[in-house]
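Trainee: need coordinates for the below:
(2 chains)
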Number of protein chains: 2
Amino acid sequence: MAKKIIPPVKGTRDFYPEKMAVRTWLYRQMRAASESFGYQEYDGPFLEPIALYAAKSGEELVKEQAFVFPDRGGDLITLRPELTPTLARMVAQKQGQLIFPLRWWSFGPFWRYERPQKGRAREFFQWNIDMIGVNSPEADAELAAVGAEFFRRVGLGPDEVHILVNNRRLMDARLDALDIPTAQRKAVFRLIDRREKMSASAWEAYAGEIGLSPAQLSGLKALLADEDLWQQSEELVRFFAAAEALGAREYLRYAPYIIRGLDYYTGTVFEARDRDGEFRAILGGGRYDNLVGDVGGNPLPGVGFAMGDMVVTLVLEKYGRLPQLSTQPAPILVTVFDADHLLEAYRLAAEVRRAGFNVVTYPEPAKLGKQFKYADRIGAKVALVLGPDELAAGKVALKNLATREQTLIDHTNLGPQLRQYLNL
Amino acid sequence: MAKKIIPPVKGTRDFYPEKMAVRTWLYRQMRAASESFGYQEYDGPFLEPIALYAAKSGEELVKEQAFVFPDRGGDLITLRPELTPTLARMVAQKQGQLIFPLRWWSFGPFWRYERPQKGRAREFFQWNIDMIGVNSPEADAELAAVGAEFFRRVGLGPDEVHILVNNRRLMDARLDALDIPTAQRKAVFRLIDRREKMSASAWEAYAGEIGLSPAQLSGLKALLADEDLWQQSEELVRFFAAAEALGAREYLRYAPYIIRGLDYYTGTVFEARDRDGEFRAILGGGRYDNLVGDVGGNPLPGVGFAMGDMVVTLVLEKYGRLPQLSTQPAPILVTVFDADHLLEAYRLAAEVRRAGFNVVTYPEPAKLGKQFKYADRIGAKVALVLGPDELAAGKVALKNLATREQTLIDHTNLGPQLRQYLNL
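Mentor: Sure, this is the predicted structure:
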């Protein structure tokens, strides 16, 4: 009677080679998009003191959403739920030595204690990218352009995904014009954010509950329908012009209802979505101006975004843009003719490796048919056989696994012959 | 008055770009060595139920050495202190669908609650590589050869590092011959393991304490000095012959005192060290035959090793083999001539990016001298200037930052001209 296999922790994922290949591919695309704009890779600890998050989100929010536990010294530590506070700490620590504008990106694991569902796990990966030390709409546009460059690289076109843009200061000005007082601002932003998640009547009732008058509600509705509103914001006019110059305009769309949840954004905000609106945001970010100051450094402006690995994968799958990634371990299998020729096979494998190929050896003597079957199953293109006849003749038998043809090739000068057979 | 910067968690590390470049370089070398032998990349969750480790190390050991905390459901979970139990679980879960021999490798974070010191942190990275489904000395030799291949790739020669090899079954046979009973075996292995960490007299006293007779002690000492002992083990004779065929023999040395701490090794064990013995083991591993069975699968033999990122980095530093890694964000800086030409500069940057280059833009108008200084500080090779004169002439000014020479190049066909200037 077999023992029960211990199940993994809820909300975590096993990355078998096929899934790992997707994660590695995403990481490479994120690297390429980041580096094409001159961003440098960095990373912070995965464990952080909970106090680090107090400045940004408040300890309570972290305690609710993050894995928090006491260190053996009794201090509360957490598995990082996001990277920006770590970035702010790292910048604050070396503020005098770093070169600004500073452009940094990272890819790594994050944890949030949420209900696992499609596109959401408790342990996930996230791309973070930020520019620190510049406060300009052009810097904001550069970040949006990095996002667009990523989409272009992975084959998601502007007819499939778009980046929706708004500006907090513009919204504040418009809410001022509607005589909505500052104290009510947060509740109204929450109301706007819930617009898509409620029925029209429930949403209007909610507006009444938070104290909006019928005139204010009607003004708000007009505002949220006004796709030309951005023209009243000098910041957004410059933002879109810069994005156009950077070749990213086709992915961008002004959307007056984009708020972004976090309190700390101060200017332009944006998020990417699939155009059908089937999934949650693919990426989200914007301008924040207080963060480095909040963790103890001198205030520095910043702009950045984060993209998780899960929603973008769903979107890539939906549009059939997830490439067929090879998880073939190696193109060449070296067979073991029999026990007496095992070391000859290993020597041959070492030789082919030195010629620059990835090579799998069949680890022990077995019937050749079984070894060829293994070569097929792992996706090898050719199998090499070195038996007594080949050895005596100074040859190696090469089996093309697609055609099943076998050829004798010279043992000397193996590299070029293999490159030719493999079409390299 | 500045606020205090919140310090990071003890035993964690910040990876500023210079340090991140080393981590990424190590990961690449590990990937290349693994893939040249046809191993496939995988990963498991970073959070695991503590019960998973009970089979291998015992819950108590995990509770002492790992970060353990209750999930919100009350189950004890841990930040993985090692990967092998996760590997065993993943193999057990899909045992019927996987293709054996299975060759897998991984690189990722691990956590151990230990006193941070040189070469040891509480949060560290580790390369893990295993072959599952074959029980042969030749398979063991392949793993040792992967380790040797890594050393060769990073430029550490056999005169700088070596892989010390022993065999548990050989040791058991020799301890049998000394009439040391099975019940005493663990204590004697611990004694052998402590040989280098104690003075000779303290060590001999310790031998007496665990119950060795003077004759047994003298037999043990002779055994530990016998560098030819491996010739009595058919497994090791075959191991070294296979390692020789694989081109790894020069890195390997028989060492009768190598035990490896973990209880679960059953055959050949090995660890790599710098030849001066200055540091702890660079990598350690060996054959284990029960692990997949222990977590609930059908028993399958395995062999593998793990290498942390920290000791190998110290060894690379010691021998001057850590390469000068460029953290230059991009070879090209596009300057902003003035506010009126900002969009022209962004357009130029987008154009050069499309030609395949990584490009940094100076994000806002500033004196050209200041922008050139920034280009120098980030290590750019050339700066491009697009002012009214250049625009009128259909040219771009290219400043070679090494020679300070400025040239006008045609705006059309920029890519080939830049490739030439950058010697690409």
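Trainee: SS state for the closest residue to residue A:149 other than its chain neighbours?
Mentor: Take residue A:149 and drop its neighbours on the chain: the residue closest to it by CB to CB, 6 or more residues apart in numbering or on different chains is residue A:33, 4.6 Å away. All C-beta spots, glycine's among them, are computed from the backbone N, C-alpha and C. Here residue A:33 is recorded as helix under DSSP: H, G, I helix; E, B strand; the rest coil.
Trainee: where along the stretch 201-350 of chain A do the helices fall?
Mentor: A:214-225, A:234-245, A:291-294, A:309-318, A:342-354 (DSSP state H, counting those that start in this stretch).
Trainee: turn those helices into a markdown table, including mean neighbour count.
Mentor: A markdown table is the format used below for the helices of the stretch 201-350 of chain A (neighbours: other CB atoms under 10 Å in any protein chain shown):
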| stretch | mean neighbour count |
| --- | --- |
| helix A:214-225 | 15 |
| helix A:234-245 | 20 |
| helix A:291-294 | 21 |
| helix A:309-318 | 20 |
| helix A:342-354 | 21 |
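Trainee: rank the ones you listed by pLDDT, which is bottom?
Mentor: Among the helices of the stretch 201-350 of chain A, helix A:291-294 carries the lowest mean pLDDT, a mean of 84.
Trainee: quick one: low-confidence residue ranges for the stretch 251-400 of chain A.
Mentor: Under the criterion pLDDT under 70, the flagged ranges of the stretch 251-400 of chain A are A:261-262.
Trainee: that one against chain B: which residues are in contact?
Mentor: Neighbours of chain B within the stretch 251-400 of chain A, by CB under 8 Å from any CB of the partner chain: A:295-298, A:327, A:329-330, A:342-344, A:346-347, A:349-350, A:353-354, A:357-361, A:363-364, A:374, A:377-378.
Trainee: mind checking how far the spatially closest residue to residue A:292 that is not a sequence neighbour is from chain B?
Mentor: Closest residue to residue A:292 apart from its sequence neighbours, by CB to CB, 6+ apart: residue A:300 at 4.2 Å. As for residue A:300, its distance to chain B is 13 Å (criterion: CB to the nearest CB, to the nearest Å).
Trainee: wait, residue A:300 sits on residue A:294?
Mentor: No. In this structure, residue A:300 is not within contact of residue A:294 by CB atoms under 8 Å, at 10.6 Å.
Trainee: can you tell me how far residue A:174 is from chain B?
Mentor: 27 Å.
Trainee: quick one, what contacts that residue?
Mentor: Taking CB atoms under 8 Å, 6 or more residues apart in numbering or on different chains, we find residue A:174 in contact with A:223, A:229.
Trainee: so which strand or helix has it?
Mentor: Using DSSP states H and E, residue A:174 falls within helix A:168-177.
Trainee: and residue A:131, what element?
Mentor: Assigned by DSSP H and E, residue A:131 belongs to strand A:123-132.
Trainee: which parts of the stretch 1-150 of chain A are strands?
Mentor: For the stretch 1-150 of chain A, the strands defined by DSSP state E, counting those that start in this stretch occupy A:40-41, A:47-49, A:68-70, A:76-79, A:102-111, A:123-132.
Trainee: redo these as JSON lines? Include mean pLDDT, mean neighbour count and distance to chain B.
Mentor: Output for the strands of the stretch 1-150 of chain A, formatted as JSON lines (pLDDT from 0 to 100; neighbours: other CB atoms under 10 Å in any protein chain shown; distance: least, CB to the nearest CB, whole Å):
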{"stretch": "strand A:40-41", "mean pLDDT": "97", "mean neighbour count": "21", "distance to chain B": "4"}
{"stretch": "strand A:47-49", "mean pLDDT": "95", "mean neighbour count": "23", "distance to chain B": "5"}
{"stretch": "strand A:68-70", "mean pLDDT": "88", "mean neighbour count": "16", "distance to chain B": "3"}
{"stretch": "strand A:76-79", "mean pLDDT": "92", "mean neighbour count": "21", "distance to chain B": "5"}
{"stretch": "strand A:102-111", "mean pLDDT": "98", "mean neighbour count": "22", "distance to chain B": "6"}
{"stretch": "strand A:123-132", "mean pLDDT": "98", "mean neighbour count": "23", "distance to chain B": "6"}
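Trainee: to residue B:208, which of these lies closest?
Mentor: Nearest to residue B:208, of all these, is strand A:68-70, at 42.9 Å by CB to CB.
Trainee: packing partners of the closest one?
Mentor: With contacts defined as 3 or more CB pairs under 8 Å, 6 or more residues apart in numbering or on different chains; DSSP states H and E, the packing partners of strand A:68-70 are strand A:76-79, strand B:68-70.
Trainee: list the helices and strands the longest one packs on?
Mentor: Spelled out, that is strand A:76-79. Secondary elements touching strand A:76-79 (3+ CB pairs under 8 Å, 6+ apart): strand A:47-49, strand A:68-70.
Trainee: relative to residue A:68, how far out is residue A:360?
Mentor: Distance of residue A:360 to residue A:68, given as CB to CB, to the nearest Å: 45 Å.
Trainee: about what we covered before: tell me which strands the strand holding residue A:131 pairs with, and in which orientation.
Mentor: strand A:102-111 (antiparallel), strand A:302-308 (antiparallel) (DSSP bridges).
Trainee: just the CA trace of the last one, in PDB.
Mentor: Same thing as strand A:302-308. Taking C-alpha atoms only, strand A:302-308 is exported to PDB below (Å, rounded to 0.1, in the frame of the first residue of the first chain):
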ATOM      1  CA  GLY A 302       9.800  57.800  -9.200                       C
ATOM      2  CA  VAL A 303       7.700  56.100 -11.800                       C
ATOM      3  CA  GLY A 304       7.300  52.300 -12.400                       C
ATOM      4  CA  PHE A 305       5.100  49.400 -13.000                       C
ATOM      5  CA  ALA A 306       4.800  45.700 -12.000                       C
ATOM      6  CA  MET A 307       3.600  42.800 -14.100                       C
ATOM      7  CA  GLY A 308       2.800  39.400 -12.600                       C
END
